[in-house]
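A.B. asks: Sequence and predicted structure, then a few things I'm wondering about:
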2 protein chains.
Amino acid sequence: MSLTLTSLQHIPLIRHGDNLADILLNSLRETNMELQDNDILVIAQKIISKAEGRMVSLAGVEPSQRARELGLQTEKDPRLVELMLRESNEVVRFRKGVIVVEHKLGFICANAGIDHSNVAPLPEGLAVMDDWVLLLPENPDASAKKLREEINKKTGKTIGVMIIDSHGRAWRNGTVGICIGLSGIPAVVDERGWKDLFGYTLKATIVGVADELAAAASLVMGQAAEGTPAAHVRGFPYPLEEGSLQDLIRPKEMDMFR
Amino acid sequence: MSLTLTSLQHIPLIRHGDNLADILLNSLRETNMELQDNDILVIAQKIISKAEGRMVSLAGVEPSQRARELGLQTEKDPRLVELMLRESNEVVRFRKGVIVVEHKLGFICANAGIDHSNVAPLPEGLAVMDDWVLLLPENPDASAKKLREEINKKTGKTIGVMIIDSHGRAWRNGTVGICIGLSGIPAVVDERGWKDLFGYTLKATIVGVADELAAAASLVMGQAAEGTPAAHVRGFPYPLEEGSLQDLIRPKEMDMFR
């Protein structure tokens, strides 16, 4: 059993309003790949957000008193902090350089997932680059669903679509790719009750398969100048059923670390 | 650029003293795969621990007073709790059914990584099965290094070796594969200072590539009765340099969640 992940080439810089389905299908053609049923496309949050127009100019943001205070405490631009607060349900922790929040989408993440890099198509050295930031998609599950349905319509193939971002972890160094939205693939697989090799019933094995796939895709998509914001996946070893981001989020009352 | 992960078939039940290098090379032959330079083998912690004789019978464990108390509070077998305490530097959190510790190896994990399933080769229904548990390898980096060097010697190929386990996460449902030891591959890749597409310097991008690969491998290795405790990886997109588990562990003084 093999799982193969391939980064998609020839994806142009994405602008507000671009049709990602067409762009991805074109990239697949140029990569000489043909979609098959049960394939999965993994897309970086960044290009979903750009296509959906989630860029915000800090110049137009008026920071609240709380954002100013938190900006001082964390040494962050208070206008950026203001956006983080607007994008979040609550601040979970903060210290110099980082604000950990519960995002409005439900997950815990640093800086509300607001992205500075690769936002503005401007040459190096222009200070104005710092002015534009990118918010997460408003409803990544819905974004994934729309893309999946459009690709299904155009190709006749039943695929899964997942949107990923890079998150830090509480106790481990290094970011890893994680799922922030999906459609047509399961978020978790519940193996409780399965028997192991010796017929011993496994006790606590809900597997975060979407996050595992997100991490895998992140490896081939890279982070920096390579610019490969999408990957094609073949051989995902679980049946493609509908999942949702919510399946991945631990209920607050089960949280031991807040 | 493609990354391909293949689960290895025909791996027998592993016993104390088994030569894993021979077993893995045999499995590769039977899967009709030939190792190439820069390939990676990912191995489940379970078979490393078994080969190294890390099975412990609870019958021989005398619980301390503290283990008895914690056992009562968490509704766990006090003998099992005793082993968890012995395997750990400190208890970080606990509640019914789970004890989160800093393992002696340095990482935070549930139940000190002590494993109940797939330990004893006994038919279903024998109560004695519950009696044997499996500790993590004593030094997984060293285990990986030994295996890597042995395979290099037998094949002439320069590969990487990684040992993985499944961990839960603080705020997300579902376990994911994570790296607990490695040799010949980097644990993290430091992309700080890389430029993004627009020449904008990336700020905080240390990528946990070993954990991303562990998650990817976990997908093809499965959890339960399939019993595929090893995977072959081709196309890892970073140069194979020596890494160590310690690279993945956030220093305690940087921990915001303890």
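C.D. replies: Received it, and whenever you're ready, just let me know what you need. Numbering: from 1, shown residues only, chains lettered A, B, ... in the order given.
A.B. asks: those strands in the stretch 101-250 of chain A, which residues are they?
C.D. replies: A:108-110, A:132-134, A:160-167, A:176-183, A:189-190, A:206-207, A:230-234 (DSSP state E, counting those that start in this stretch).
A.B. asks: Out of these, which one sits most buried?
C.D. replies: strand A:176-183 (a mean of 28; mean count of other Cβ atoms under 10 Å in any protein chain shown). Bear in mind the C-beta positions are built from the backbone N, C-alpha and C, glycine included.
A.B. asks: partners of that one in the sheet?
C.D. replies: strand A:160-167 (antiparallel) (DSSP bridges).
A.B. asks: What's the nearest residue in the stretch 51-200 of chain A when you look at chain B?
C.D. replies: Residue nearest to chain B within the stretch 51-200 of chain A: A:Gly174 (2.7 Å; Cβ to the nearest Cβ).
A.B. asks: okay but that residue is in contact with B:Ile206, surely?
C.D. replies: Yes. Using Cβ atoms under 8 Å, A:Gly174 is in contact with B:Ile206, at 4.8 Å.
A.B. asks: related to what we said a few turns ago, show me the contacts for the residue of the stretch 51-200 of chain A closest to chain B.
C.D. replies: Residues in contact with A:Gly174, defined by Cβ atoms under 8 Å, 6 or more residues apart in numbering or on different chains, are A:168, B:187-189, B:206-209, B:211, B:248.
A.B. asks: at 7 Å what do you get?
C.D. replies: B:188, B:206-208, B:211, B:248 (Cβ atoms under 7 Å, 6 or more residues apart in numbering or on different chains).
A.B. asks: By pLDDT, rank those and give me the bottom one.
C.D. replies: Across the contacts of A:Gly174, the smallest pLDDT goes to B:Ile206, namely 90.
A.B. asks: Surely that one touches B:Asp190?
C.D. replies: Yes. Judged on Cβ atoms under 7 Å, B:Ile206 makes contact with B:Asp190 at a distance of 5.2 Å.
A.B. asks: burial of A:Asp77, as a residue count?
C.D. replies: 18 (other Cβ atoms under 10 Å in any protein chain shown).
A.B. asks: Please name the residues that touch the nearest residue to A:Phe107 once chain neighbours are set aside.
C.D. replies: Take A:Phe107 and drop its neighbours on the chain: the residue closest to it by Cβ to Cβ, 6 or more residues apart in numbering or on different chains is A:Ile249, 5.6 Å away. By Cβ under 7 Å, 6+ apart, the residues touching A:Ile249 are A:106-107, B:172-173.
A.B. asks: Redo those as JSON lines? Include neighbour count.
C.D. replies: Listed next are the contacts of A:Ile249 as JSON lines, based on neighbours: other Cβ atoms under 10 Å in any protein chain shown:
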{"residue": "A:Gly106", "neighbour count": "16"}
{"residue": "A:Phe107", "neighbour count": "22"}
{"residue": "B:Arg172", "neighbour count": "22"}
{"residue": "B:Asn173", "neighbour count": "20"}
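A.B. asks: Out of these, which sit inside helices?
C.D. replies: Counting by DSSP state H, no part of these is found in helices.
A.B. asks: Looking at those residues, which is nearest A:Ser57?
C.D. replies: A:Phe107 (25.8 Å; Cβ to Cβ).
A.B. asks: quick one: A:Ala214 and chain B, what's the gap?
C.D. replies: 8 Å (Cβ to the nearest Cβ, to the nearest Å).
A.B. asks: Pull out the buried residues from the single longest helix found in chain A.
C.D. replies: Ordering each helix of chain A by length in residues (DSSP H) puts helix A:140-155 first. Residues of helix A:140-155 classed as buried by neighbour count (16 or more other Cβ atoms under 10 Å in any protein chain shown): A:140-141, A:143-148, A:150-152, A:155.
A.B. asks: State the mean pLDDT of that helix.
C.D. replies: Mean predicted lDDT for helix A:140-155 stands at 98.
A.B. asks: How about stretch A:9-17?
C.D. replies: Mean predicted lDDT for stretch A:9-17 stands at 91.
A.B. asks: And it, end to end?
C.D. replies: With Cα to Cα, to the nearest Å as the measure, stretch A:9-17 spans 20 Å from end to end.
A.B. asks: want to try CSV for the strands of the stretch 101-250 of chain A, with distance to B:Gln36 as columns?
C.D. replies: Output for those, formatted as CSV (distance: least, Cβ to Cβ, whole Å):
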stretch, distance to B:Gln36
strand A:108-110, 38
strand A:132-134, 39
strand A:160-167, 29
strand A:176-183, 26
strand A:189-190, 32
strand A:206-207, 30
strand A:230-234, 21
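A.B. asks: one step back: can you give me how far the longest helix of chain A is from the chain middle?
C.D. replies: Computed by Cα atoms, centre = their mean, to the nearest Å, the separation of helix A:140-155 from the middle of its chain amounts to 16 Å.
A.B. asks: ditto for stretch A:8-20
C.D. replies: For stretch A:8-20, the distance to the chain centre is 16 Å (Cα atoms, centre = their mean).
A.B. asks: List the buried residues of that stretch.
C.D. replies: Here stretch A:8-20 shows A:8, A:11, A:14, A:20 as buried, counting by 16+ other Cβ under 10 Å.
A.B. asks: cool, stretch A:215-222 as well?
C.D. replies: A:215-222.
A.B. asks: And for stretch A:88-101?
C.D. replies: Neighbour-count burial for stretch A:88-101 [16+ other Cβ under 10 Å]: A:88, A:91-92, A:94, A:99-101.
A.B. asks: Turn these into TSV, columns for pLDDT.
C.D. replies: Below are the buried residues of stretch A:88-101 laid out as TSV (pLDDT from 0 to 100):
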residue	pLDDT
A:Ser88	98
A:Val91	97
A:Val92	95
A:Phe94	94
A:Ile99	94
A:Val100	95
A:Val101	96
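A.B. asks: And those residues, which two are furthest apart?
C.D. replies: A:Ser88 and A:Phe94 (11.3 Å).
A.B. asks: circling back to that earlier point, tell me what angle the longest helix of chain A forms with strand A:160-167.
C.D. replies: Angle, helix A:140-155 to strand A:160-167, by axes from the mean of the first three to the mean of the last three Cα atoms, to 10 degrees: 140 degrees.
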